[in-house]
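Peer 1: Predicted model and sequence follow; I will ask about them next.
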There are 2 protein chains.
Amino acid sequence: MIGTDEIKVVIVEDFKLTRVGLRCALNENKDINVVGESENATDGLRLIEQLKPQVVLMDLGLPGMNGIEAILKLRETNKDVKIIALTSHDREEEVITVLSAGANAYCLKDIDPIKLSDVIRDVANGVCWLDAEIAGKVLRSFPKQDKMVLLNNQSQNHNQVPLTEREFEVLKHLVSGKSNTEIAKELIVSVHTAKAHVCSILQKMCVNDRVQAAVKAVKEGIV
Amino acid sequence: MIGTDEIKVVIVEDFKLTRVGLRCALNENKDINVVGESENATDGLRLIEQLKPQVVLMDLGLPGMNGIEAILKLRETNKDVKIIALTSHDREEEVITVLSAGANAYCLKDIDPIKLSDVIRDVANGVCWLDAEIAGKVLRSFPKQDKMVLLNNQSQNHNQVPLTEREFEVLKHLVSGKSNTEIAKELIVSVHTAKAHVCSILQKMCVNDRVQAAVKAVKEGIV
DNA sequence: GAGTATATTACCCAATCGTCGCATTTAATT
DNA sequence: AATTAAATGCGACGATTGGGTAATATACTC
């Protein structure tokens, strides 16, 4: 389950003491390798581009460009690297913003180093991990719908969006703004085929045109 | 950091084989004690009330009352117990609904039992843990408007979109899937005007067509 | 082997879309 | 007073879209 390869980590953290502490603690693990460190976001971004780590430990309270800006900037060019936001107790309100910006996990700085190593392994594999102190806040942020709506959503999601794999591919291209011609080119089929798929997508999603389909797909996270 | 007390767990899962497998795997751990099992939600809820476990493993694909209903019902009376939603690959779309209902973690059934033990310990301490397969979906579901707010409040405005109020109105209708004709009717102007607005919206947003405009607007929370 | 589902291709047609140029009115700014 | 930006309107153009119907091929199920 857990990859056997070594996990490359870059640390972006302004306090030298914390930085050294993190590096020492993490390098105790054979499978975790701290390949780079930076005390500010600008250098950090450059380091990440050069070293291509699997995981970034990003302090949120950086001088100059702060952690959130750094995450946004990083995500503009790199969708794959996993970002663990590291912060102290006094910035817990930012959690939703940080996750929106593109972080994969959120830890408080007083986390047990051993636990942090586990989190790094999890996050490297794609897991989302949220510290206990703020997990409740995030979970409560999900729109509270009443029972009926929740149950309806569930049954609808199951029976009324049975897109085939091919249609799903087409939908993704559609959402990215491609025309039928472009979709056809992308999937190496004729325009007629692309149109046929779009047509059946519209019917299955119960919408009238591709704009509605795209919006619905984005809002419901189907893509 | 991690509590030294034994963690009491109740399993609610209809497949006997899976249930037994879970119990055996978890009871390998000295600190985890499977105190109860149930093959359906009704009995499961009763068990949880009696045994007061710290953690519940809740299968979502139960016969009769399903897992989501069970979670909702459980949360009516018990805010403290931690709920780990357990499911197979074919129900990944439910994840947001499940978290809204009150689950603390979301695992796929093919999780490594050792990993599951770790997750149980984490969740018992309040952590939110989401399987890699669905973490992306959840993280993407966070409203992107925070990004705009952030950029407005904090740093330089990147390529801000200076839409006029009228164009903004048109954009909202556009996102809701209306045609130019419908937009015109809605705003009580001619189709030509509506088209003119759409045209300038596309140019200002640097996109090629209304689908891209709609998707961009939704993703960035402009609407 | 028959039947069903999916993917693929094709054609026609009405409607819509995106762009361009041009024109008028109003409001705000200089 | 002159300029600018915004909102409104018109006509025309080619491109695109969505609907309908239908045929063929493949794959999977019963």
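Peer 2: Ah, there it is.
Peer 1: Leaving out sequence neighbours, find the closest residue to A:Leu57.
Peer 2: Spatial nearest neighbour of A:Leu57, excluding adjacent residues (CB to CB, 6 or more residues apart in numbering or on different chains): A:Ile11 at 4.7 Å. Just so you know, the C-beta spots here come from the backbone N, C-alpha and C atoms, and that holds for glycine as well.
Peer 1: tell me the SS of the one you found?
Peer 2: strand (DSSP: H, G, I helix; E, B strand; the rest coil).
Peer 1: Quick one: residues contacting it.
Peer 2: A:Arg19, A:Leu22, A:Arg23, A:Val34, A:Gly36, A:Glu37, A:Ser38, A:Val56, A:Leu57 (CB atoms under 8 Å, 6 or more residues apart in numbering or on different chains).
Peer 1: from what I can see the second one touches A:Glu13, true?
Peer 2: Yes: counting by CB atoms under 8 Å, A:Leu22 sits close enough to A:Glu13 to count as a contact (6.7 Å).
Peer 1: Which helix or which strand is home to the spatially most distant residue from the centre of chain A?
Peer 2: For chain A, the largest distance from the centre (CA atoms, centre = their mean) belongs to A:His192, which lies 35.1 Å off. Using DSSP states H and E, A:His192 sits in helix A:191-205.
Peer 1: residues in contact with that helix?
Peer 2: Under CB under 8 Å, 6+ apart, the answer for helix A:191-205 is A:160-163, A:166-167, A:170-171, A:174, A:180-181, A:183-184, A:187, A:208-210, A:212-213, A:216-217.
Peer 1: can you list the residues of chain A near DNA strand D?
Peer 2: A:179-181, A:195-196, A:198-199, A:202-203, A:208-211 (CB under 7 Å from any atom of the strand).
Peer 1: and if we set it to 6 Å?
Peer 2: A:Ser179, A:Asn180, A:Thr181, A:Lys195, A:Ala196, A:Val198, A:Cys199, A:Leu202, A:Asp209, A:Arg210 (CB under 6 Å from any atom of the strand).
Peer 1: Dump those into a markdown table; add pLDDT as well.
Peer 2: Below are the residues of chain A next to DNA strand D laid out as a markdown table (pLDDT from 0 to 100):
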| residue | pLDDT |
| --- | --- |
| A:Ser179 | 90 |
| A:Asn180 | 91 |
| A:Thr181 | 91 |
| A:Lys195 | 91 |
| A:Ala196 | 90 |
| A:Val198 | 91 |
| A:Cys199 | 91 |
| A:Leu202 | 89 |
| A:Asp209 | 91 |
| A:Arg210 | 90 |
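Peer 1: Run through the strands of chain A in chain order.
Peer 2: For chain A, the strands defined by DSSP state E cover A:7-12, A:32-38, A:55-59, A:82-87, A:105-108, A:128-130.
Peer 1: of the ones you listed, which approaches A:Val98 most closely?
Peer 2: strand A:82-87 (4.8 Å; CB to CB).
Peer 1: How about that closest one and chain B, touching?
Peer 2: No: between strand A:82-87 and chain B, judged by CB under 8 Å from any CB of the partner chain, nothing touches; the nearest distance is 9.6 Å.
Peer 1: and A:Met65, what does it touch?
Peer 2: Counting by CB under 8 Å, 6+ apart, A:Met65 has contacts A:Asn40, A:Ala41, A:Thr42, A:Lys73, B:Ser155.
Peer 1: go on, A:Glu182?
Peer 2: Per CB under 8 Å, 6+ apart, neighbours of A:Glu182: A:His173.
Peer 1: Just the pLDDT at it, thanks.
Peer 2: Turning to A:Glu182, the model gives it a pLDDT of 89.
Peer 1: what ranges do the helices span in chain A?
Peer 2: Assigned by DSSP state H, chain A shows helices spanning A:16-27, A:41-51, A:67-77, A:95-101, A:113-124, A:132-141, A:147-159, A:165-175, A:180-187, A:191-205, A:210-219.
Peer 1: tell me the most buried of these?
Peer 2: Among the helices of chain A, ranked by average contacts under mean count of other CB atoms under 10 Å in any protein chain shown, first place goes to helix A:95-101 (a mean of 23).
Peer 1: distance of the closest residue in space to A:Ser190 that isn't next to it in sequence from A:Arg46?
Peer 2: In this structure, A:Ser190 finds its nearest non-sequential neighbour in A:Ala184, 5.9 Å apart by CB to CB, 6+ apart. Counting by CB to CB, to the nearest Å, the separation of A:Ala184 from A:Arg46 is 40 Å.
Peer 1: before we move on, what about A:Leu202?
Peer 2: The value you get for A:Leu202 to A:Arg46, if CB to CB is used, is 45 Å.
Peer 1: Likewise for A:Ile7?
Peer 2: For A:Ile7, the distance to A:Arg46 - CB to CB - is 21 Å.
Peer 1: ditto for A:Gln54
Peer 2: 18 Å.
Peer 1: mean confidence for stretch A:134-141?
Peer 2: Stretch A:134-141 comes out at a mean pLDDT of 80.
Peer 1: CA atoms of the helix holding A:His192 as PDB?
Peer 2: Coordinates of each C-alpha in helix A:191-205 appear next as PDB, following Å, rounded to 0.1, in the frame of the first residue of the first chain:
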ATOM      1  CA  VAL A 191     -17.100  15.000 -34.400                       C
ATOM      2  CA  HIS A 192     -20.200  13.000 -34.700                       C
ATOM      3  CA  THR A 193     -19.100  10.700 -32.000                       C
ATOM      4  CA  ALA A 194     -18.200  13.600 -29.700                       C
ATOM      5  CA  LYS A 195     -21.600  15.100 -30.300                       C
ATOM      6  CA  ALA A 196     -23.400  11.900 -29.600                       C
ATOM      7  CA  HIS A 197     -21.600  11.600 -26.300                       C
ATOM      8  CA  VAL A 198     -22.400  15.200 -25.400                       C
ATOM      9  CA  CYS A 199     -26.000  14.600 -26.300                       C
ATOM     10  CA  SER A 200     -26.300  11.600 -24.000                       C
ATOM     11  CA  ILE A 201     -24.500  13.400 -21.200                       C
ATOM     12  CA  LEU A 202     -27.000  16.300 -21.400                       C
ATOM     13  CA  GLN A 203     -29.900  13.900 -21.200                       C
ATOM     14  CA  LYS A 204     -28.400  11.800 -18.400                       C
ATOM     15  CA  MET A 205     -27.600  14.900 -16.400                       C
END
